[in-house]
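A.B. asks: I'll drop the sequence and a predicted model, then ask my questions.
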4 protein chains.
Amino acid sequence: MTKPRDPQRPAKKAVERSTLPPLREAKWRTALTCIEPNKILMRGYPLDEIMGRLTFGESIYLLLMGDVPSPAIGSLMEAILVSFIDHGITPPSTLAARNTATTGAPLRACVAAGVLGFGRYHGGDIESCMQFLDSGLELVRRGTSYQDAAAVIVARCQELGEPIPGFGHRFHTRDPRAARLFQMALELEVEGNHVQMIRAVEMVVGALPDGHALPVNIDGAIAAVCGDIGIPPEIANALFIISRVPGITAQAQEERQREHPMRQIDPKDHVYDGAAQRRLPDKRR
Amino acid sequence: MTKPRDPQRPAKKAVERSTLPPLREAKWRTALTCIEPNKILMRGYPLDEIMGRLTFGESIYLLLMGDVPSPAIGSLMEAILVSFIDHGITPPSTLAARNTATTGAPLRACVAAGVLGFGRYHGGDIESCMQFLDSGLELVRRGTSYQDAAAVIVARCQELGEPIPGFGHRFHTRDPRAARLFQMALELEVEGNHVQMIRAVEMVVGALPDGHALPVNIDGAIAAVCGDIGIPPEIANALFIISRVPGITAQAQEERQREHPMRQIDPKDHVYDGAAQRRLPDKRR
Amino acid sequence: MTKPRDPQRPAKKAVERSTLPPLREAKWRTALTCIEPNKILMRGYPLDEIMGRLTFGESIYLLLMGDVPSPAIGSLMEAILVSFIDHGITPPSTLAARNTATTGAPLRACVAAGVLGFGRYHGGDIESCMQFLDSGLELVRRGTSYQDAAAVIVARCQELGEPIPGFGHRFHTRDPRAARLFQMALELEVEGNHVQMIRAVEMVVGALPDGHALPVNIDGAIAAVCGDIGIPPEIANALFIISRVPGITAQAQEERQREHPMRQIDPKDHVYDGAAQRRLPDKRR
Amino acid sequence: MTKPRDPQRPAKKAVERSTLPPLREAKWRTALTCIEPNKILMRGYPLDEIMGRLTFGESIYLLLMGDVPSPAIGSLMEAILVSFIDHGITPPSTLAARNTATTGAPLRACVAAGVLGFGRYHGGDIESCMQFLDSGLELVRRGTSYQDAAAVIVARCQELGEPIPGFGHRFHTRDPRAARLFQMALELEVEGNHVQMIRAVEMVVGALPDGHALPVNIDGAIAAVCGDIGIPPEIANALFIISRVPGITAQAQEERQREHPMRQIDPKDHVYDGAAQRRLPDKRR
């Protein structure tokens, strides 16, 4: 995000306005959606023409980035959005939504409570990983090799006692979503220097004493792929929020339907009783 | 949603528990997503297998409804989600998100504030329209014609001085999204008695003195189509929340990027400066 | 709250507007606080004059009700606000706030998540209890005795299988806050027919088979006292929100300070390690 | 707030736990409120004893700080809380709450949306002003005079192009609340080095070219007074949230009662129609 203007300096703005035509207040502007009677244009395209022609995932890209994605980027967008759609009952954001649901609050209140839990330690890693990879690529542009650049930026984190952005997971020692996303980026031929950078970091981290317990996680994979397909950090951040909303909604809905109200929710005290592991229908493979 | 159990009657539950094996507390259950080390199963399918094989829209259906949608229902899901994705700067939920953004709040706080604005008068119409159509279909099941049933349920609204759910719009006299959704339902051959019912209501409403100003709106179209493809009211309600989150996110993001902080946001005082009207690329038609 | 106007009838409004002076749009109005350069009037009183002369509790009454409270009503306002200020870590709203805090979210996001948990089953009982007592008082106005009226309205709840509003508590068999509030209302001589009504209901409930487990709770006591001092249900509802915000804030703050981030919060797995029971300083008694 | 522990290092914690007695999971701890059957102890005091003996403002101090305030500090707490209680319809947080209210959302959703608008540019100034004053006092401790220290820290802000924390207001050139709070701190004899520091900054700022337009605002006054009575920045931040909730609640309630739903709220298009300016009753002066 560009740095907002200083709110304490209205003087300059008043001067700017004095050059406008008289009797006309400057209007504020939006470039997203144009509403006229019986017409809705999103980024210039009639919304009713988009319906049935672009998927929801492609439309999200269009809305946030301003243009229809290429087929390859569209496929990656879908995969990124799907990868985060739900992670069971354990994320604190999901528990905030369920604790709100158990009070009898309406669904939208539960979803809002869940979204508020996308804090610094939960989902916020994508943006910091993009900055982390960019700091490595800056070194590469100045002539350092990927491997050396990776060693430098990992060492910086360790000196500051900070976690390495995009690495490590509370539950997984190998994040299946990250592996799949890298594979797709390779097959769709959109891999670029961000993926190359995170691969170099992966090797450096793997050689650390505890490195085997710090796999590339889905935040890291998304950060690298978003970097390579030109999605800026603040949009990647927006994608995380959008992608997890269905999961939070479904979890809150399940709480409302299956449990009695005002219960004490212990996250460790649950069991999965849904469908057993199965394969997608043939046509979908 | 099933009616929650009475929170004032713990006695019965205690009795039920006494039949459980000793030393084991009853666990609570979830059927959505199973998390094991290095494995994430959503509704039984490995999430990494879903990535690249189902779209985000199809995955949302899978998560909420429990099964992979048929191609026809999948296409309608995408269209329903796209239809609500954004409606410019005028919805109060969007203005709540922008007013939050102008204070310098993080993106997730803006999104949460926007989601809270999906109140009774904004988005809540889908659920009430589904109940309205069902009350007409109940009469049809008892032998009344669609036309007579429509006249009865419209008259009920008028006697109570209540608006007719799914009809009328603040800006549009013909909602292009509703027309497109009905067309898709027809082409995909999923039209059923709910669409027939809303068509009958449309004729009754059109014959009212001010009826020409009350077109079927997108809430009504979604209510009818969801009814015909077996999506229950509470899930249709969830779809509305999910579908508008990208729009709220994009609007809050634009506020943060283009405007100075702590401004006074007048919704009537804006102008659209985005892409001019254009057609989708040939391949997407 | 007065019923909102029907949003589907703009026609009448357009006609009304045509009688306004030309070229002037009707302005919308507020009666709460007047802001002029270097002057802030709340309900007509300069805010800087209120500072140091009215307490926060009295100022809340002034803001919501429009006038400075009498000393007796001011004292009850403080007691009502204090009675709800915190209830430990177990309310789901508090757990929603703590689950948000553990993600690293800012304090205001945690507070918002907590406030969203004041749902139908948590805090919402004040408003329904006021309606419940009013339904009994309606019978009294028509000549029924308090005792008979109480029996009638309790029987209605039982027939519908609904809990009796204002009675029963998850933890307490005698709510010390309710007892204290009734005592204060008596001493301050503001007891009226709502307290008399809830006392009659208390006797009827106490004679039920399980009635000893259903004491008057703090929601019931506040409902009765608010009814007697002229606070309408929607303002009583607002008082609940205001009164619990400090508790939610303190709980979220403690979570941020004492616990490590992204932990799994089990409400049953905690212990109190604060100050031992003590008496207020002599001057405060 | 203390820096949260690194979420990527569970190893150390596991080691710590191994020293605990076997078969006992470590419990998490809270020092705020102890709940036992029929007993509620807040910071050690029975809540029913607090009712009627401490005001809501004093109870907030007790809950957040752990002890009953002295009479002087109690009076300042009330004044601080009152000073922020409402600021008319113009703050973006208030407009977020009103935009949520106009959708028909319940009161608690409106309050949550408003609280989310206490962003970096709105209310967040108290914490940064406390840090700003502390950086000046650090220089004073090393031997610099107050006047020179003030000049240094103001110059730092100007070099960075940042606003001076605690100075300037969108509407007021002299903030009446700030003046009153300083007067009370003087009369109650709690003035200390933070007030002395902000007074020195005020003189430096007043001598700047545009300095007359940058008065000490209420954020600055609260920051200085909180510093002098020992309230840490994170608690001062909490006080701001708590103090404005009544205003947001009242504004949302007024929107629900006086306006029709789904209206377009233009903040510049309103008029005050409440009580004319008046004096407090004699007994309250």
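C.D. replies: Cool, got the structure.
A.B. asks: check contacts around A:Pro92.
C.D. replies: Counting by CB atoms under 8 Å, 6 or more residues apart in numbering or on different chains, A:Pro92 touches A:117, A:122, C:99-100, C:102-103, C:262-263, C:265. Where you see a C-beta, it was placed from the backbone N, CA and C, and this is true even at glycine.
A.B. asks: and with 10 Å instead?
C.D. replies: A:99, A:114, A:117-119, A:121-122, A:267, C:96, C:98-105, C:261-265 (CB atoms under 10 Å, 6 or more residues apart in numbering or on different chains).
A.B. asks: which residue packs closest to it, ignoring adjacent ones?
C.D. replies: C:Asn99 (4.3 Å; CB to CB, 6 or more residues apart in numbering or on different chains).
A.B. asks: next one: A:Ile248
C.D. replies: Nearest residue to A:Ile248, sequence neighbours excluded (CB to CB, 6+ apart): A:Gly114, at 3.6 Å.
A.B. asks: correct me, but that neighbour touches C:Asn99?
C.D. replies: Yes: using CB atoms under 10 Å, A:Gly114 is in contact with C:Asn99, at 9.2 Å.
A.B. asks: need the overlap of contacts for those two.
C.D. replies: Shared contacts of A:Gly114 and C:Asn99, defined by CB under 10 Å, 6+ apart, are found at A:91-100, C:113.
A.B. asks: could you tell me which of those count as buried?
C.D. replies: Among the shared contacts of A:Gly114 and C:Asn99, those classed as buried by neighbour count (16 or more other CB atoms under 10 Å in any protein chain shown) are A:91-100, C:113.
A.B. asks: next SSE downstream of the helix or strand bottoming out on mean pLDDT in chain A?
C.D. replies: Every helix and strand in chain A was compared by mean pLDDT, DSSP states H and E; the lowest is helix A:10-17, with a mean of 32. With elements assigned by DSSP states H and E, the helix or strand that comes after helix A:10-17 is strand A:28-30.
A.B. asks: near chain D at all, that following strand?
C.D. replies: No: against chain D, strand A:28-30 shows no contacts by CB under 10 Å from any CB of the partner chain, the least distance being 12.3 Å.
A.B. asks: name the residues of that strand that are buried.
C.D. replies: Residues of strand A:28-30 classed as buried by neighbour count (16+ other CB under 10 Å): A:28, A:30.
A.B. asks: what lies in contact with it?
C.D. replies: B:88-89, B:94, B:98, B:250-251, B:254-255, B:258-259, B:263, B:265-267, B:269-274.
A.B. asks: give me the next element, helix or strand, following that strand.
C.D. replies: Heading C-terminal from strand A:28-30, the first helix or strand you meet, by DSSP H and E, is strand A:33-36.
A.B. asks: so the strand or helix carrying A:Ala238 versus helix B:233-258, what angle?
C.D. replies: Per DSSP H and E, A:Ala238 falls inside helix A:233-258. Taking axes from the mean of the first three to the mean of the last three CA atoms, to 10 degrees, one finds helix A:233-258 and helix B:233-258 inclined to each other by 160 degrees.
A.B. asks: buried stuff in helix A:233-258?
C.D. replies: For helix A:233-258, by 16+ other CB under 10 Å, it's A:233-256.
A.B. asks: in strands, which of the contacts of A:Pro92 appear?
C.D. replies: Nothing among the contacts of A:Pro92 maps onto strands, per DSSP state E.
A.B. asks: before we move on, back to that, the residue nearest to A:Pro92 contacts A:Ile248, doesn't it?
C.D. replies: No: using CB under 10 Å, C:Asn99 is not in contact with A:Ile248, being 12.0 Å away.
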